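Colleague: My questions concern the predicted model and sequence given below.
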Amino acid sequence: MKKLVEVQEVEGQGMESLLGEVITLFCCRYIYTGKLTGVNDTFVLLEAPSIVYETGDFKDKDWENAEQLPHKEWRVTMASIESYGVMK
């Protein structure tokens, strides 16, 4: 058995460290992208949000098919986010 005996808390390593960046959220049903402008325990806030319907090659600069949502801001629940990061 391996046992963790010391826990070290490191600030600025979570989603908050990406505030101000254009990020991609892989969620249980959709892929969202936009500028991360807010984070709390319940949701994240994206500015200039889009839903990605076709990714194309991940190495490409732009998405194959990403449709901008009709609002300046969009909230995505933390519970639906599977992974995230700066991608494009």
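Modeller: Right, received. Where do you want to start? Residues are numbered from 1 along each chain as shown.
Colleague: ok, longest strand in this protein?
Modeller: Ranked by residue count, the top strand of the chain under DSSP state E comes out as strand 43-54.
Colleague: Each with direction, which strands does the next helix or strand after it pair with?
Modeller: Sequence order places strand 65-68 as the next helix or strand after strand 43-54, per DSSP states H and E. Based on DSSP bridges, the strands next to strand 65-68 in the sheet, each with its direction, are strand 43-54 (antiparallel).
Colleague: average model confidence for the partner strand?
Modeller: In this model, strand 43-54 has an average pLDDT of 98.
Colleague: So what touches that strand?
Modeller: With contacts defined as C-beta atoms under 8 Å, 6 or more residues apart in numbering, strand 43-54 is touched by 15, 23-25, 30-39, 63-69, 71-78, 81. (C-beta placed from N, C-alpha, C; glycine too.)
Colleague: Span of stretch 57-70 from start to end?
Modeller: Taking C-alpha to C-alpha, to the nearest Å, stretch 57-70 runs 26 Å from one end to the other.
Colleague: Name the residues that touch that stretch?
Modeller: The contact list for stretch 57-70 (C-beta under 8 Å, 6+ apart) reads 33, 48-56, 87-88.
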